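Asker: model the structure of this input:
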Amino acid sequence: MTASIKILTTSTIDSSPSIIIVSPNGHKTLINCGEGCQRSFLESTDRVRSVNQVCLTHIGYTATGGLPGMILTSADAAQASATALEQNGQGASGNVNGNGNGNGRGNKEIVGTLKLIGPVGLKGFVHSLRFFMRRDRFPLTIHEGDYHSVSKTGDGLNSRHGKGKGKTKKRKKVGEDANANATANEEDTSEDLGLFGITSIPMKKAVKTFYGEEETCICSYLFTTTPIAGKFQIQKARELGIPPGPLFSQLKNGKSVTFSHPSSGKEVNVEPEQVLEGGNDGVAVAVVYCPDEYVLNQFCNSNTCATLDVYKERSQGKTAESTVKMELMVHYAPKELFESDRYQAWIREFGTLVKHMTLHPMKDNTFTAMTEELDGSPFRAAVLGAMQRSLIQSDIYPNPIPVAKGVVKNMDNEGIASDLHVYHARPGLEYIIVPLSKQGLDPSTIKEDE
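Answerer: Below you'll find the model as predicted:
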């Protein structure tokens with residue numbers, strides 16, 4: 001299955017930057033959920049309830065403005081699905097309430113859940129919403145500050161072309177014995193396969209308050225895959241005398257095999273590297289939240305940001321460890337800061353092969369009226385309607401995007417060295433991470449004028 005980075009929204013008059021990271025098994029992580037984020041899902045092929053977890057770069061309206069509404073929508077959608085199953089199925093799903101009548105009354109079983117990951121202060125923020133955002137059957141799992149989860153080998157990661165096995169999760173049937181139920185429970189864990197590993201990078205941001213300058217907590221993130229096996233070379237396997245069948249599958253999954261050679265009868269051991277070609281030790285994607293120079297100083301300090309500094313050493317050949325490849329860095333940073341000499345020098349330390357994608361604040365974006373393809377808003381129908389009403393009576397219906405004659409969209413990122421690969425993010429843009437054969441920007445998501 002394909003793993004990718006999707007740009008959901010950028011900074012416009014009616015949206016804040018949000019991106020979706022899709023793991024090889026289809027698991028979806030939303031980065032930031034500002035006001036209007038739910039609405040943007042209507043303009044994309046994704047759905048709110050398909051999001052499994054949310055990572056927040058900071059606590060503020062641009063990151064959390066739409067979070068309460070999204071949680072309620074996800075919870076209500078999960079509740080509606082559970083209720084439909086309870087009413088229509090008197091069998092396995094009808095017993096989920098514990099009394100077997102399937103009417104769902106008094107049912108306290110979990111219908112779904114959502115994981116929230118963010119800076120210190122996230123638990124307090126969610127706690128402040130408890131009086132109007134209570135959904136007993138839809139619990140939230142909250143992690144704040146330092147967080148690390150290990151990537152898991154699975155769907156889509158056992159092949160250069162992403163042809164992994166599908167999920168083997170099975171629904172338990174009424175009447176199965178204990179052993180059968182135990183087997184089903186073991187199979188249920190397969191839905192965790194093919195996940196990105198996530199490591200948070202906690203930092204501090206200086207803000208001016210009534211009491212003076214204070215520090216608030218923010219987070220950047222690193223997403224990593226397990227080693228990705230290469231393309232299986234069937235001719236090499238035959239030359240080594242490997243009998244076709246289960247041994248082929250084990251080698252494709254990165255496991256060594258031992259067998260009796262059909263000609264000599266001797267026991268032979270074959271390592272995956274002998275029959276796989278074009279794989280790597282894994283892929284990494286960094287989501288960098290750098291709103292000002294105060295945060296940039298922390299990124300440049302190796303003692304503060306050791307998580308990312310490892311990839312600098314690997315790009316410079318200073319480490320002999322497995323070389324997980326840094327493929328893409330997504331930058332939440334002001335344009336002026338991103339184009340500064342210091343910022344450019346910092347990202348160049350990761351190597352010139354790394355791709356970069358920018359999400360600048362609204363004040364740095366250039367908008368041109370009369371066409372959605374240029375104004376950057378993800379809400380096409382709403383913007384077009386507002387602009388049409390403005391043509392009728394501009395005093396009552398002001399144009400949401402002032403006409404700027406002679407202004408055109410600039411995708412060249414002036415001020416950036418030509419040896420760096422930099423893409424200016426637009427709603428709908430998608431960068432494919434896995435399979436390796438398709439890695440890069442998805443051509444179908446690139447506008448003709450880009």
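Asker: next, the contact list for the closest residue to A82 other than its chain neighbours, please.
Answerer: Closest residue to A82 apart from its sequence neighbours, by Cβ to Cβ, 6 or more residues apart in numbering: V111 at 4.0 Å. Where you see a C-beta, it was placed from the backbone N, CA and C, and this is true even at glycine. Shown in contact with V111 (Cβ atoms under 8 Å, 6 or more residues apart in numbering): A75, A78, Q79, S81, A82, R137, F138.
Asker: element containing V111?
Answerer: Per DSSP states H and E: V111 is located in neither a helix nor a strand.
Asker: give me the three-state assignment for Q79.
Answerer: Under DSSP: H, G, I helix; E, B strand; the rest coil, the three-state class of Q79 is helix.
Asker: just the pLDDT for it.
Answerer: You'll see Q79 listed with a pLDDT of 87.
Asker: in the stretch 151-300 of the chain, which spans are strands?
Answerer: Along the stretch 151-300 of the chain, the segments classed as strands by DSSP state E, counting those that start in this stretch run 197-209, 212-224, 231-232, 257-260, 267-270, 276-277, 283-289.
Asker: ranking the ones you listed by burial, who's on top?
Answerer: strand 283-289 (a mean of 25; mean count of other Cβ atoms under 10 Å).
Asker: mind giving me the packing neighbours of that strand?
Answerer: strand 212-224, helix 306-315, strand 325-332, strand 430-434 (3 or more Cβ pairs under 8 Å, 6 or more residues apart in numbering; DSSP states H and E).
Asker: let's have these in CSV, adding mean pLDDT and distance to I142.
Answerer: Below are those laid out as CSV (pLDDT from 0 to 100; distance: least, Cβ to Cβ, whole Å):
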stretch, mean pLDDT, distance to I142
strand 212-224, 93, 13
helix 306-315, 78, 21
strand 325-332, 93, 22
strand 430-434, 90, 27
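Asker: okay, helices next: where are they in the stretch 351-450 of the chain?
Answerer: 372-375, 380-392 (DSSP state H, counting those that start in this stretch).
Asker: quick one on the thing from earlier: including neighbour count, could the contacts of V111 go into TSV?
Answerer: Shown next, in TSV, are the contacts of V111 (neighbours: other Cβ atoms under 10 Å):
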residue	neighbour count
A75	23
A78	19
Q79	17
S81	13
A82	21
R137	15
F138	21
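Asker: which one of the residues you listed is nearest Y332?
Answerer: Closest approach to Y332 among the contacts of V111 (Cβ to Cβ): A75, at 27.8 Å.
Asker: residue contacts, the closest one?
Answerer: Neighbouring residues of A75 by Cβ under 8 Å, 6+ apart: V111, G112, R135, R137, F138.
Asker: that one - that's part of a helix, no?
Answerer: Yes: judged by three-state DSSP, A75 forms part of a helix.
Asker: just the contacts of V111 now: which is nearest V22?
Answerer: Nearest member of the contacts of V111 to V22, counting by Cβ to Cβ, is A78, at 19.9 Å.
Asker: is it true that that closest one touches S50?
Answerer: No: counting by Cβ atoms under 8 Å, A78 does not reach S50; the two are 11.4 Å apart.
Asker: in contact with the closest residue to T307 other than its chain neighbours, which residues?
Answerer: Among residues not flanking T307 along the chain, I201 sits closest, at 5.3 Å (Cβ to Cβ, 6+ apart). I201 is in contact with C219, S220, Y221, L222, C305, T307, L308, counting by Cβ under 8 Å, 6+ apart.
Asker: give me the nearest residue to the second one, chain neighbours excluded.
Answerer: This points to S220. Nearest residue to S220 in three dimensions, chain neighbours excluded: I201, at 4.2 Å (Cβ to Cβ, 6+ apart).
Asker: and P246, how many residues sit next to it?
Answerer: 9 (other Cβ atoms under 10 Å).
Asker: before we move on, what about M326?
Answerer: 23.
Asker: and it, how far from T258?
Answerer: Distance, M326 to T258, by Cβ to Cβ, to the nearest Å: 36 Å.
Asker: ok, now C37?
Answerer: Taking Cβ to Cβ, one finds C37 at 52 Å from T258.
Asker: kindly report the same for G69.
Answerer: G69 is 56 Å from T258, where distance means Cβ to Cβ.
Asker: about what we covered before: in JSON lines, list the strands of the stretch 151-300 of the chain along with distance to V383.
Answerer: As requested, those are exported to JSON lines (distance: least, Cβ to Cβ, whole Å):
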{"stretch": "strand 197-209", "distance to V383": "31"}
{"stretch": "strand 212-224", "distance to V383": "30"}
{"stretch": "strand 231-232", "distance to V383": "45"}
{"stretch": "strand 257-260", "distance to V383": "58"}
{"stretch": "strand 267-270", "distance to V383": "59"}
{"stretch": "strand 276-277", "distance to V383": "49"}
{"stretch": "strand 283-289", "distance to V383": "27"}
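Asker: mind checking those strands for the one nearest to I5?
Answerer: strand 283-289 (6.4 Å).
Asker: what's in contact with that closest one?
Answerer: 5, 19, 21, 31, 55, 57-58, 196, 218-225, 228, 295, 299, 308, 311, 324-333, 433-434.
Asker: return the helix or strand in this structure with minimum mean pLDDT.
Answerer: The weakest-scoring helix or strand in the chain, judged by mean pLDDT, DSSP states H and E, is helix 178-188 (a mean of 36).
Asker: ok so T29 is a strand residue?
Answerer: Yes: under three-state DSSP, T29 falls within a strand.
Asker: element containing the closest residue to it other than its chain neighbours, please.
Answerer: Nearest residue to T29, sequence neighbours excluded (Cβ to Cβ, 6+ apart): I21, at 4.4 Å. In the assignment (DSSP H and E), I21 maps to strand 18-22.
Asker: what's the angle between that strand and strand 212-224?
Answerer: 30 degrees (axes from the mean of the first three to the mean of the last three Cα atoms, to 10 degrees).
Asker: what angle separates strand 18-22 from strand 283-289?
Answerer: 160 degrees.
Asker: pull the residues that contact strand 18-22.
Answerer: So strand 18-22 is in contact with 2-9, 28-34, 37, 40, 46, 51, 196, 223, 285, 287, 330, 359, 425, going by Cβ under 8 Å, 6+ apart.
Asker: now the contacts of I201 in CSV, with distance to K355?
Answerer: What follows is the contacts of I201, written out as CSV (distance: Cβ to Cβ, whole Å):
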residue, distance to K355
C219, 22
S220, 17
Y221, 17
L222, 15
C305, 20
T307, 19
L308, 15
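Asker: of those, which is the nearest to F350?
Answerer: L308 (7.9 Å).
Asker: could you measure from the residue of the chain positioned farthest from its centre over to G245?
Answerer: Distance from the C-alpha centroid of the chain, by Cα atoms, centre = their mean, peaks at S264 (50.3 Å). Applying Cβ to Cβ, the value for S264 to G245 is 20 Å.
Asker: what's the least confident stretch among the helices of the stretch 351-450 of the chain?
Answerer: Minimum mean pLDDT among the helices of the stretch 351-450 of the chain: helix 372-375, a mean of 45.
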